[in-house]
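# I'd like to go over a predicted model; first the sequence, then the structure.
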Amino acid sequence: MPGLPQAKAGEGISTQTVAAIRNNRAFINSDSQIRKTSACPVHGLKDKSMTEEDLLALARSAALKAYAPYSGFHVGCAVESVDGEIVTGANMENACYRLGICAEQSALTAAQHQFGLGKVARIAIAGGGAENGDLNGQIVCTPCGGCRQAIFEAAQLSGRDVEILCSNGEGSAVDRHRIGELLPHGFGPANLRDAD
Ligand SMILES: [Zn+2]
């Protein structure tokens, strides 16, 4: 059987592409630059009704309602609106593996129903194993690429660089991000204006 062609690192990549990749890394590493060039300006919340701890507790509680018999990885998400309304969601797997739904997209669907994507202000995520009615695990759970795109949609609609609190399962570690940081150079509804 003939061997498959092997890709060699760097082969076929132009010097312009290499320069672009370097620039992209510099962009990602520069927080101030992200804030300045983000399509989603940062605004203060009018009514932040929940503490970070409370919002994360809701995400961890939602994770326990996940349907995750295949991966055993339970993720919960809580979405807070600019007015302090909260909705939650959890991942839902399927025997047809690729049809599984992430917690973030589950919660964002509920957010659209409850108050509209344009009011999304803050999101908390927690993920890990579930045992004896409790969430466990030490690795901080961040949104997958698809969910970053879904959050970016809400962010551009709301005009906010949405806050994302990411927790591990046992709740001992929390990372704080903004969607503009997790998805730099994102493509969103604003890009489609050129089609008008
Ligand atoms: Zn996801």
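Ah, there it is.
# what's the distance between the spatially closest residue to residue 167 that is not a sequence neighbour and residue 83?
Among residues not flanking residue 167 along the chain, residue 126 sits closest, at 4.1 Å (C-beta to C-beta, 6 or more residues apart in numbering). Every residue, glycine included, has its C-beta placed from N, CA and C. When distance is defined by C-beta to C-beta, to the nearest Å, residue 126 is 23 Å away from residue 83.
# looking at the two, which is more packed in?
More crowded of residue 126 and residue 83, by other C-beta atoms under 10 Å: residue 126, with 32 against 12.
# pretty sure that one sits in a strand.
Yes - assessed by DSSP: H, G, I helix; E, B strand; the rest coil, residue 126 belongs to a strand.
# what about residue 196, neighbour count?
By other C-beta under 10 Å, the residues close to residue 196 number 4.
# quick one: residues contacting residue 81.
Residues near residue 81 by C-beta atoms under 8 Å, 6 or more residues apart in numbering: 111, 114-115, 119-121.
# right, is the helix or strand containing residue 129 up against the ion?
In this assignment (DSSP states H and E), residue 129 forms part of strand 120-131. No - judged by C-beta under 5 Å from the ion, strand 120-131 stays clear of the ion, getting no closer than 9.2 Å.
# secondary structure class of residue 53, three-state.
Three-state assignment for residue 53 (three-state DSSP): helix.
# tell me which stretches of this structure form helices.
In the chain, the segments counted as helices under DSSP state H are 15-29, 31-37, 52-63, 103-114, 145-158, 179-182.
# rank these by pLDDT, which is bottom?
Set side by side, the helices of the chain give their lowest mean pLDDT on helix 31-37, at a mean of 35.
# now residue 106: how far from residue 138?
24 Å.
# the more surrounded of those two?
Neighbour count, other C-beta under 10 Å: between residue 106 and residue 138, residue 106 has more, with 23 against 10.
# which ones are touching that one?
Here residue 106 is in contact with 77, 89-92 (C-beta under 8 Å, 6+ apart).
# which of the residues you listed tops the neighbour count?
residue 77 (32 neighbours).
# show me what contacts residue 90?
62-67, 74-77, 103, 106.
# in JSON lines: those residues, plus distance to residue 179.
Output for these, formatted as JSON lines (distance: C-beta to C-beta, whole Å):
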{"residue": "62", "distance to residue 179": "20"}
{"residue": "63", "distance to residue 179": "21"}
{"residue": "64", "distance to residue 179": "26"}
{"residue": "65", "distance to residue 179": "25"}
{"residue": "66", "distance to residue 179": "23"}
{"residue": "67", "distance to residue 179": "26"}
{"residue": "74", "distance to residue 179": "23"}
{"residue": "75", "distance to residue 179": "17"}
{"residue": "76", "distance to residue 179": "19"}
{"residue": "77", "distance to residue 179": "14"}
{"residue": "103", "distance to residue 179": "16"}
{"residue": "106", "distance to residue 179": "18"}
